[in-house]
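# Quick one: sequence and predicted model below, then my questions.
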Protein chains: 2
Amino acid sequence: MSAQPLYEQVKSYVTDRIRSGAWRPGARVLSEHEFVRVLGVSRMTANRALRELVTAGVLSRVAGLGTFVADLPAAAQPLEIRNVAADIRDRGHFHRAVPVRVEAALAPAEVAAHFGLGISELKLFHSIIVHFENERPLEVEDRWVNPTVAPHYLNVDFTRVTPHEHLMQVAPLERVEHVVRAVAADADIAEWLDMASTAPVLLIERTTWTQGQPASFARLHHAGSRFELRGVYDV
Amino acid sequence: MSAQPLYEQVKSYVTDRIRSGAWRPGARVLSEHEFVRVLGVSRMTANRALRELVTAGVLSRVAGLGTFVADLPAAAQPLEIRNVAADIRDRGHFHRAVPVRVEAALAPAEVAAHFGLGISELKLFHSIIVHFENERPLEVEDRWVNPTVAPHYLNVDFTRVTPHEHLMQVAPLERVEHVVRAVAADADIAEWLDMASTAPVLLIERTTWTQGQPASFARLHHAGSRFELRGVYDV
DNA sequence: AAGTGGTCTAGACCACTGT
DNA sequence: CAGTGGTCTAGACCACTTT
């Protein structure tokens, strides 16, 4: 019996009551001291259980008032964005990266804006890499990199190391922003992804910061018919 | 001084060293007892700080071995999926929902599959609702609902209550799954979203479960040019 | 004044890893 | 064996809320 730690049992006690409808959104749940009395656990154990349910968005707390079932437990559910190369390997498939372009270049205005450069008089490193899953193109990675952060970027062998891995090595990142959109493929992307021009593309724009400065801005283009993001959210 | 709780200071102590490069991915960090000696905090405080950094994906731990800087802190970053109506109102814009169809109907095979029905001999509730942001169509919500879970679904006034809100009221959900894809608009969707046919659409498929049974399957179609998902991930 | 959550401590026992 | 994380306890003080 009770293979589960106590605080997990407390969490189940709460979520079971929420699922059964006994505790409705907005309703007050037991206080920490009441859990101590009712379940015979220490207050720290009850505290940990409740705190983790708050993090999960199941409960909300107000000091001096009480703990409540969150009004909209489903308001914000996480979806995970991962590394394509790792994803492909996790599926048991063969991953190959083909660098199409690796250069230093003047960034176009909309890219320079991501680096906080007014007028782009600064050269950035630029790479375009096509990622294949079992010899089918899955992602076109169009990336601009801050030379200050990764001075040796142009010398990396991108058939063996992904840009992401290299950047992680030279500078741990402190902030990542993602924007996901559906767009129509332009001519280049369509060719690299081996699909019809104007066909739907799932575009992930990813900006990273390191030590207070923008490190990298990447546009990840995925063939709409061969790519999806998945997320599961429990309780 | 020290407006920050102790455990937050311990977390900063760790993340500062990771950001500065002093502690590289894969490196071992101090043990809990060492934090007690070096920083003068209790072991529970160090434990909480480290545990939260593990949850955040910054560290990884192996009992009996030690605590390490995660190899790929950026491997999986969360993106949030929220409620369209709430999103529109949060932007300070006007939201209007127009029910196009509310009925009981036989579910097509691919929908029935989501409900675990082999051959669809069961009638499900079906609604199609167009959500407008400032009188521009933003989302077409095509939803199938399990009548057992929400028996009064057909009587709800969907100009005032969103299907999601109604479902949350009648049965707290226990599991949500999302799949995000880029697809081409079909004729109906294109008309409802007031865009060209075959234009790119960001499609979110959302399945929910309640009390062990599938509650709802929704296809949320968004005009690619007017919709995006955003996510920020710190440290 | 009584209750609430927020935090913190100084112990404790356990299962597990390494040498 | 000593060291590690995983868990748990029984106290404590605080700022805050409501009555």
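Happy to help now that I have it.
# From here on, just use CA atoms for contacts and neighbour counts.
OK.
# Just give me how far stretch A:217-235 sits from the chain centre.
10 Å (C-alpha atoms, centre = their mean, to the nearest Å).
# could you give me the average pLDDT of that stretch?
Mean per-residue pLDDT for stretch A:217-235: 82.
# ok, now stretch A:191-207?
On average, stretch A:191-207 scores 93.
# Grab the CA positions of that stretch and hand them over as PDB.
Presented in PDB, the C-alpha positions along stretch A:191-207 are these (Å, rounded to 0.1, in the frame of the first residue of the first chain):
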ATOM      1  CA  GLU A 191      11.400  24.100 -52.600                       C
ATOM      2  CA  TRP A 192      13.400  23.200 -49.500                       C
ATOM      3  CA  LEU A 193      10.400  21.500 -47.900                       C
ATOM      4  CA  ASP A 194       9.500  19.800 -51.200                       C
ATOM      5  CA  MET A 195       5.900  21.100 -51.200                       C
ATOM      6  CA  ALA A 196       3.700  23.200 -53.400                       C
ATOM      7  CA  SER A 197       4.200  27.000 -53.200                       C
ATOM      8  CA  THR A 198       1.700  28.800 -51.000                       C
ATOM      9  CA  ALA A 199       0.900  25.500 -49.200                       C
ATOM     10  CA  PRO A 200       0.400  26.000 -45.400                       C
ATOM     11  CA  VAL A 201       3.500  26.200 -43.200                       C
ATOM     12  CA  LEU A 202       3.600  26.000 -39.400                       C
ATOM     13  CA  LEU A 203       6.000  28.800 -38.500                       C
ATOM     14  CA  ILE A 204       7.700  29.000 -35.100                       C
ATOM     15  CA  GLU A 205       9.600  32.200 -34.500                       C
ATOM     16  CA  ARG A 206      12.000  31.800 -31.600                       C
ATOM     17  CA  THR A 207      14.000  34.500 -30.000                       C
END
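# What are the contacting residues of that stretch?
A:114, A:130, A:137-140, A:176-187, A:190, A:214-225, A:227, B:181-184, B:199-202 (C-alpha atoms under 8 Å, 6 or more residues apart in numbering or on different chains).
# Going by neighbour count, which of those residues are buried?
Neighbour-count burial (16 or more other C-alpha atoms under 10 Å in any protein chain shown) is assigned, among the contacts of stretch A:191-207, to A:114, A:130, A:137-140, A:176-185, A:190, A:214-225, A:227, B:181-184, B:199-202.
# Mind checking which of the residues you listed land in helices?
A:His114, A:Ala190 (DSSP state H).
# now the helices: where do they sit in chain A?
Under DSSP H, chain A gives helices at A:6-19, A:32-39, A:43-55, A:84-90, A:109-114, A:163-170, A:187-192.
# Now render the ones you listed as a markdown table, adding distance to DNA strand D.
Formatted as a markdown table, the helices of chain A follow (distance: least, C-alpha to the nearest atom of the strand, whole Å):
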| stretch | distance to DNA strand D |
| --- | --- |
| helix A:6-19 | 3 |
| helix A:32-39 | 8 |
| helix A:43-55 | 5 |
| helix A:84-90 | 24 |
| helix A:109-114 | 38 |
| helix A:163-170 | 23 |
| helix A:187-192 | 44 |
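# if you average pLDDT over each of those helices, which comes out lowest?
Among the helices of chain A, helix A:84-90 carries the lowest mean pLDDT (a mean of 78).
# Show me how far it is from its chain's centre.
On C-alpha atoms, centre = their mean, the centre of helix A:84-90 falls 15 Å from the chain's centre.
# May I have that helix exported as CSV, CA atoms only?
Extracted in CSV, the C-alpha atoms of helix A:84-90 (Å, rounded to 0.1, in the frame of the first residue of the first chain):
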residue,chain,number,x,y,z
VAL,A,84,13.4,18.9,-34.0
ALA,A,85,16.5,16.8,-34.1
ALA,A,86,15.8,15.3,-30.7
ASP,A,87,12.1,14.8,-31.7
ILE,A,88,13.0,12.9,-34.8
ARG,A,89,15.4,10.7,-33.0
ASP,A,90,12.9,10.1,-30.2
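# buried set for it?
A:Val84, A:Ala85, A:Ile88.
# before we move on, the earlier item: make TSV out of the helices of chain A and add distance to B:Trp23.
TSV is the format used below for the helices of chain A (distance: least, C-alpha to C-alpha, whole Å):
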stretch	distance to B:Trp23
helix A:6-19	32
helix A:32-39	38
helix A:43-55	27
helix A:84-90	24
helix A:109-114	28
helix A:163-170	11
helix A:187-192	39
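# Go through the ones you listed and name the closest to DNA strand C.
Closest of the helices of chain A to DNA strand C is helix A:32-39, at 3.9 Å (criterion: C-alpha to the nearest atom of the strand).
# how near is the most centrally placed residue in chain A to A:Ile128?
In chain A, the C-alpha closest to the average C-alpha coordinate belongs to A:Ile81, at a distance of 3.7 Å (C-alpha atoms, centre = their mean). From A:Ile81 across to A:Ile128, the span is 20 Å (C-alpha to C-alpha, to the nearest Å).
# For the nearest residue to A:Arg206 once chain neighbours are set aside, which residues count as its bridge partners?
Spatial nearest neighbour of A:Arg206, excluding adjacent residues (C-alpha to C-alpha, 6 or more residues apart in numbering or on different chains): A:His178 at 4.7 Å. Taking DSSP bridges as the rule, A:His178 bridges to A:Arg206, B:Gly231.
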